[in-house]
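Asker: Let me see the structure of the following:
(4 chains)
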There are 2 protein chains.
Amino acid sequence: MKAAHDAPPRWLDRGQQRSWRAYLDGNARLLDALDREHDAHLSVSLPEYEVLVRLSESPEGALRMSVLADGLAYSRSRTTHTVRRMEDRGLVRRGAVAGDGRGIVCSLTDAGRSMLEAEAPAHVAAVRRYLVDVLTDDELAALGGIMAKVAQGCAADPASRGPSSAKSLGD
Amino acid sequence: MKAAHDAPPRWLDRGQQRSWRAYLDGNARLLDALDREHDAHLSVSLPEYEVLVRLSESPEGALRMSVLADGLAYSRSRTTHTVRRMEDRGLVRRGAVAGDGRGIVCSLTDAGRSMLEAEAPAHVAAVRRYLVDVLTDDELAALGGIMAKVAQGCAADPASRGPSSAKSLGD
DNA sequence: TTAGGGTAGTTGACAGTTCAACAACACGAA
DNA sequence: TTCGTGTTGTTGAACTGTCAACTACCCTAA
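Answerer: Numbering: from 1, shown residues only, chains lettered A, B, ... in the order given. This is a model prediction of the structure:
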């Protein structure tokens, strides 16, 4: 695979390096702070909270596992594990899908919905405190646009995705 | 702690929400892609690579554990574990610090330096492919500036940091 | 009808991270 | 000196996520 031209590596210039490092650093600190906030003051972790949000936004409060996984950019098995843990706590329920014998729908229980409503204010406050309120409106919008572009670039690159649809083109 | 005014929560508006989600999504995909690249084609993980870089940039190729940890925004114990694993592979060596009986210096071995030199091109290529080359120069610079601001905001907030210097102000 | 290949989801072993508890040292004050 | 407090770094258990292997199902084509 890949011609492997062994072209001389194009290093990052000073500014690019600074930006990349700032990204790594800021990201680590931001996600740390949010994780910590969830740990300290909420009953669901950040990833679990995201699951609750996605389910709550769907018309029936329910989504197929694969849709949930793709929407959150979680791996299939991560989704399985996370949902199982949430099911054990009664936040979520699993059931068969009508037309497809393989599918599993994950749906919000009343307890799950209550949990989400109870914790949303603290979650949003944390996101504000560490991200939204730190930036100007323009900066936040710029960040969103840039990261969407990055996400798109990753999605376009076959090598960036997990083993799903890997196909081992090398045979 | 905290007056707990219970002010009505200030939700995120539509645009803020989109930006925040784009951030989460793009970030997840980007770091996944880089992790995957390191896993598939390199001999050191991304966090280990960062350790090698920091050490190599220091004049003596050596840094105190705490300096390394703070610089990388890694927890103390993460640093300990990571460095121990790297030491087991001969990439790094640990020794006492001159003036302070508590300190441990972590220094690059020849093998570690060779490893870094060998793997740097592939690492940089991945960072380019998934981040740098996807954005314009202005966008990358903007991203860097924004994330630096975020990092600063987190650093300024006492609650965002780990248990170090926690002090349990509540007593 | 069945064979083959793709998709959905789960499972268990494993690796990396966090947390709490701890040991050892530094340093200032009584 | 000695006590108390803060800092540095380590340890092991618990948790979360990844990977590879697997089951079960869908669907098309021969």
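Asker: quick one: the helices in chain A?
Answerer: Along chain A, the stretches classed as helices by DSSP state H are A:14-41, A:46-57, A:65-72, A:76-88, A:110-130, A:137-156.
Asker: Turn these into a markdown table, including mean pLDDT, distance to DNA strand D and mean neighbour count.
Answerer: Using the backbone N, CA and C atoms, a C-beta is placed for each residue, glycine as well. Below are those laid out as a markdown table (pLDDT from 0 to 100; distance: least, C-beta to the nearest atom of the strand, whole Å; neighbours: other C-beta atoms under 10 Å in any protein chain shown):
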| stretch | mean pLDDT | distance to DNA strand D | mean neighbour count |
| --- | --- | --- | --- |
| helix A:14-41 | 96 | 9 | 18 |
| helix A:46-57 | 98 | 4 | 19 |
| helix A:65-72 | 97 | 9 | 18 |
| helix A:76-88 | 98 | 3 | 16 |
| helix A:110-130 | 97 | 15 | 18 |
| helix A:137-156 | 96 | 13 | 18 |
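Asker: Now for the closest residue to DNA strand C within chain A: which residues touch it?
Answerer: Among the residues of chain A, residue A:66 lies nearest to DNA strand C; the distance is 2.7 Å by C-beta to the nearest atom of the strand. Shown in contact with residue A:66 (C-beta atoms under 8 Å, 6 or more residues apart in numbering or on different chains): A:76, A:103.
Asker: For it, give its distance to residue A:81.
Answerer: Taking C-beta to C-beta, to the nearest Å as the measure, residue A:66 and residue A:81 are separated by 15 Å.
Asker: Out of the helices of chain A, flag the one nearest residue B:52.
Answerer: With C-beta to C-beta as the criterion, residue B:52 lies closest to helix A:14-41 of the helices of chain A, at 14.3 Å.
Asker: The closest one near chain B at all?
Answerer: Yes: residues of helix A:14-41 are located near chain B by C-beta under 8 Å from any C-beta of the partner chain, namely A:15-16, A:18-20, A:22-33, A:36-37, A:40.
Asker: Also stretch A:45-54?
Answerer: Yes: applying C-beta under 8 Å from any C-beta, one finds stretch A:45-54 in contact with chain B at residue A:50.
Asker: Contacts only, for the most centrally placed residue in chain A.
Answerer: The structure's chain A has its C-alpha centroid closest to residue A:72; by C-alpha atoms, centre = their mean the separation is 4.0 Å. Residue A:72 makes contacts with A:47, A:50-51, A:54, A:79, B:28, as judged by C-beta under 8 Å, 6+ apart.
Asker: just residue A:79 next, same as before
Answerer: Here residue A:79 is in contact with A:65, A:68-69, A:72 (C-beta under 8 Å, 6+ apart).
Asker: In JSON lines: those residues, plus distance to residue B:152.
Answerer: Converted to JSON lines, the contacts of residue A:79 look like this (distance: C-beta to C-beta, whole Å):
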{"residue": "A:65", "distance to residue B:152": "39"}
{"residue": "A:68", "distance to residue B:152": "34"}
{"residue": "A:69", "distance to residue B:152": "34"}
{"residue": "A:72", "distance to residue B:152": "28"}
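Asker: For the spatially closest residue to residue A:125 that is not a sequence neighbour, give me the backbone phi and psi.
Answerer: Excluding the flanking residues, the one nearest residue A:125 by C-beta to C-beta, 6 or more residues apart in numbering or on different chains is residue B:9, at 6.7 Å. With angles defined as degrees, to the nearest 10, residue B:9 sits at phi -60, psi 140.
Asker: pLDDT wise, what is residue B:9 at?
Answerer: You'll see residue B:9 listed with a pLDDT of 74.
Asker: separation between it and residue B:153?
Answerer: Residue B:9 sits 20 Å away from residue B:153, going by C-beta to C-beta.
Asker: coming back round to it: can you tell me which of the helices of chain A is nearest to residue B:113?
Answerer: helix A:14-41 (18.9 Å).
Asker: Return the distance of that closest one from the chain's centre.
Answerer: The chain centroid and the centroid of helix A:14-41 are separated by 15 Å, computed with C-alpha atoms, centre = their mean, to the nearest Å.
Asker: what's it packed up against?
Answerer: helix A:46-57, helix A:110-130, helix B:14-41, helix B:137-156 (3 or more C-beta pairs under 8 Å, 6 or more residues apart in numbering or on different chains; DSSP states H and E).
Asker: can you tell if the first one touches DNA strand C?
Answerer: Just to be clear, that refers to helix A:46-57. No: interface with DNA strand C: helix A:46-57 contributes nothing (C-beta under 7 Å from any atom of the strand), its closest point being 11.5 Å away.
Asker: and the residue of chain A nearest DNA strand D?
Answerer: For chain A, C-beta to the nearest atom of the strand, closest residue to DNA strand D: residue A:101, 2.5 Å.
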